[in-house]
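K.L.:
Provide a 3D model corresponding to the input given below.
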Amino acid sequence: MQWSLFLLLLMGQCSFFMCHLHEYHFVNQTKTWTEAQQYCREHHTDLATVSNMTDMKRLRDSAQNQDGAWIGLYSDPERNERGMWHWQWSLPGLEFNDSESRWHEGEPNDYGSKNEKCVLMKNHKWNDIPCSYNHKCICYDERKQSNKTFHLIEDKMSWPQAQSYCREHHTDLVSGDQQLEDNEFKREYRSNEVVWIGLFRDSWRWSDGSSFSFRYWDLELFRDEDSSKKCAVTLLDGKWSSDECNKTKSFFCYDVSSMTDKMILIKENMTWDDALKYCRMNHCDLVSITNHDEQRWVQEKAKKANSPYVWLGLRYTCTLGFWFWVNEEMVTYKNWVTGVPADDCDMSGAMDRGGEHKWFKKNDNEKFNFICSTC
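P.N.:
Numbers count the residues shown, from 1 in each chain. Below is the predicted model of the structure:
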C-alpha cells in the first residue's frame with residue numbers, strides 16, 4: 001500500500017489553503033504619506049507592510065508604472081530618546097530575546113556618536129558600533145549552496161552592504177541564537193575574527209504596529225541620517241528609499257489575508273490525540289505547514305498561546321518510519337530545532353510559542369494549546 005493511501009485511511013483528509021499574510025493593492029492616486037495611510041485604513045487594512053523577500057516580490061509584481069510609491073514604513077527617531085528602540089534580527093521571522101544576548105561587558109553603550117545601531121562579534125561576544133564601518137561578515141544560507149549553511153565573507157563592507165550581499169548570494173546575515181550555536185557555524189567562524197552578524201536597531205516602524213524587521217534599502221539612495229526624509233518609498237526596481245512625508249505619491253495598501261479565517265488557536269491544553277479529535281469535530285484538522293508563508297502565519301497565532309508549545313498536525317509513524325502531516329502533505333518544508341527529528345514512537349510535532357518558533361518533538365501525552373485549520 002502506498003504511504004499516501006495509508007495516511008489517508010489512517011488519518012482522514014482535509015485541505016489547508018496556501019495563502020500569504022497580506023494581499024496588496026496599488027493605488028494610483030497621489031497623496032501625502034499621512035493621507036495615504038488614512039485612505040488605506042478606510043478602504044483596506046493599512047499602508048503596505050512587507051515582511052520578507054516573498055512579500056517584496058509580490059509587491060513589486062502588483063505595481064503599475066510608477067517612479068516611487070509610499071509603503072507603511074516611517075521613521076520615529078524620538079523613540080530612541082524614550083528608550084523604545086529595540087534590537088532586531090535581520091533574518092525575517094526571528095525575535096530577539098535579550099536573555100540570549102552575548103554582549104561584551106558594558107555593551108551595548110551607544111558610545112560617543114549615539115549612532116551605534118549595528119553589531120560586531122569577536123570571540124563570540126558582541127559590540128554595538130556604527131553601521132558604516134567596514135568589516136567581514138558571515139552569511140546564512142538555508143538552501144545550503146555548496147553543501148554549506150554558513151559562509152565567512154572575507155571582503156570588508158558596511159553592515160547594510162553585508163546584509164545586501166548575504167541576501168543576494170545566500171539567505172541573510174547570520175541571525176538568532178540557534179544559528180550562533182550551530183556546530184557548522186562554529187567551524188566556519190574563527191574566534192579571533194571580527195565579523196558583522198545580523199543584529200541591528202533603527203528608528204523605522206510599520207504603520208500597522210507590526211514588528212517585522214525586514215528592510216530593503218537602495219544603498220546608493222538611502223541615507224538613514226537624513227532626518228527630513230522620514231517616510232519610506234518603494235522604487236520601480238523594488239528597492240526602497242525615503243522621502244519627505246508631505247510630498248504626494250501613489251501608494252500601496254494591504255488587506256489582511258483570508259488566511260485569518262482558515263486557522264484558529266485553541267487555548268485549551270490537550271494531548272495531541274485529543275487536540276486532533278477536537279479539530280476534526282469542531283473545525284477541519286490540526287494545522288499543517290508546507291512553506292515559509294504558512295510558518296509565519298502559524299507562528300503569529302502561536303505567540304498568543306498560554307502554553308510553552310502548541311500542537312501541530314505533525315506526527316511520526318513507527319510503522320513506516322517517517323514524519324507526516326495529518327492532511328496527507330509530505331514534510332518537505334522543515335523548521336525543526338537542531339537535532340530533531342529522530343526516530344521515536346509516540347511522538348508528535350509542536351511549535352515553540354516564542355523565540356524562533358522552531359518545531360519540537362513532544363510526547364503525545366503532554367498537554368498544550370493547539371491550532372486548528374478550518375474547512
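K.L.:
Now do the SS call for the residue sitting nearest the centre point of the chain.
P.N.:
Geometric centre of the chain, nearest residue: residue 93, 1.8 Å, by C-alpha atoms, centre = their mean. With DSSP: H, G, I helix; E, B strand; the rest coil as the basis, residue 93 sits in coil.
K.L.:
Report how many residues lie close to the residue nearest to it when sequence neighbours are not counted.
P.N.:
What sits nearest to residue 93 in space, not counting adjacent residues and going by C-beta to C-beta, 6 or more residues apart in numbering, is residue 296, at 5.8 Å. Just so you know, the C-beta spots here come from the backbone N, C-alpha and C atoms, and that holds for glycine as well. For residue 296, the count of nearby residues is 21 (other C-beta atoms under 10 Å).
K.L.:
Residue 296: which element?
P.N.:
Applying DSSP states H and E as the criterion places residue 296 in helix 292-302.
K.L.:
C-terminal to that helix, what's the next element?
P.N.:
Per DSSP H and E, the first helix or strand lying C-terminal to helix 292-302 is strand 309-317.
K.L.:
quick one, that following strand and helix 292-302 angle?
P.N.:
Computed by axes from the mean of the first three to the mean of the last three C-alpha atoms, to 10 degrees, the angle separating strand 309-317 from helix 292-302 equals 130 degrees.
K.L.:
Can you tell me who the nearest residue to residue 230 once chain neighbours are set aside pairs with across the strands?
P.N.:
Excluding the flanking residues, the one nearest residue 230 by C-beta to C-beta, 6+ apart is residue 75, at 4.1 Å. Applying DSSP bridges to residue 75 gives these bridge partners: residue 204.
K.L.:
tell me the domain ranges of this protein?
P.N.:
3-18+259-373, 22-76+206-256, 86-200 (automatic domain parsing).
K.L.:
want to throw these into TSV with mean pLDDT?
P.N.:
Listed next are those as TSV, based on pLDDT from 0 to 100:
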stretch	mean pLDDT
domain 3-18+259-373	81
domain 22-76+206-256	85
domain 86-200	87
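K.L.:
Okay, and residue 276 sits in which element?
P.N.:
Taking DSSP H and E as the criterion, residue 276 maps to helix 272-282.
K.L.:
neighbours around residue 344, how many?
P.N.:
11.
K.L.:
same thing with the one 10 residues further on?
P.N.:
Neighbouring residues of residue 354 were enumerated by other C-beta under 10 Å; the total is 13.
K.L.:
Quick check: the closest residue to residue 97 other than its chain neighbours vs residue 337, distance?
P.N.:
Nearest non-adjacent residue to residue 97, counting by C-beta to C-beta, 6+ apart: residue 355, 5.9 Å away. Separation of residue 355 from residue 337 (C-beta to C-beta, to the nearest Å) stands at 9 Å.
K.L.:
out of these two, which sits in the more crowded spot?
P.N.:
Each of residue 355 and residue 337 has its neighbours counted (other C-beta under 10 Å); residue 355 has more, 17 against 14.
K.L.:
Need the three-state assignment for that one.
P.N.:
Per three-state DSSP, residue 355 ends up coil.
K.L.:
Let me see the contact set for it.
P.N.:
Residues counted as contacts of residue 355 (C-beta atoms under 8 Å, 6 or more residues apart in numbering) are 95, 97, 177.
K.L.:
before we move on, what about residue 87?
P.N.:
Residue 87 neighbours (C-beta under 8 Å, 6+ apart): 96, 98, 101, 108, 119, 199, 200, 201.
K.L.:
again, 6 Å this time
P.N.:
Residues near residue 87 by C-beta atoms under 6 Å, 6 or more residues apart in numbering: 96, 199, 201.
K.L.:
which helices and strands does the helix holding residue 276 pack with?
P.N.:
For helix 272-282, the packing partners by 3 or more C-beta pairs under 6 Å, 6 or more residues apart in numbering; DSSP states H and E come out as strand 285-286.
K.L.:
Check which helices and strands the strand it packs on sits against.
P.N.:
helix 272-282.
K.L.:
Pull the residues that contact the helix it packs on.
P.N.:
Residues outside helix 272-282 that contact it (C-beta under 6 Å, 6+ apart) are 285, 286, 311, 348, 364, 370, 372.
K.L.:
closest to residue 162 among these?
P.N.:
Using C-beta to C-beta, residue 311 comes nearest to residue 162 of the contacts of helix 272-282, at 38.6 Å.
K.L.:
which residue packs closest to that closest one, ignoring adjacent ones?
P.N.:
Spatial nearest neighbour of residue 311, excluding adjacent residues (C-beta to C-beta, 6+ apart): residue 370 at 3.8 Å.
K.L.:
can you count the residues close to that neighbour?
P.N.:
The local packing of residue 370 (other C-beta under 10 Å) involves 31 other residues.
K.L.:
same check, this time on residue 268
P.N.:
Neighbourhood size, residue 268 [other C-beta under 10 Å]: 14.
K.L.:
ok but it is inside a helix, no?
P.N.:
No - counting by three-state DSSP, residue 268 falls outside a helix, being strand.
K.L.:
How about it: what's its closest non-neighbour residue?
P.N.:
Leaving out its chain neighbours, the residue that sits closest to residue 268 by C-beta to C-beta, 6+ apart is residue 369, at 6.7 Å.
K.L.:
re the thing from before, the residue nearest to residue 311 is in what secondary structure piece?
P.N.:
Counting by DSSP H and E, residue 370 is part of strand 368-373.
K.L.:
That strand: how far from the chain's middle?
P.N.:
Offset of strand 368-373 from its chain centre (C-alpha atoms, centre = their mean, to the nearest Å): 21 Å.
K.L.:
circling back: the residue nearest to the centre of the chain and residue 190: what is the separation?
P.N.:
Distance, residue 93 to residue 190, using C-beta to C-beta: 28 Å.
K.L.:
Same list, the contacts of helix 272-282, but as TSV with distance to residue 151 please.
P.N.:
Output for those, formatted as TSV (distance: C-beta to C-beta, whole Å):
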residue	distance to residue 151
285	39
286	37
311	36
348	35
364	39
370	38
372	40
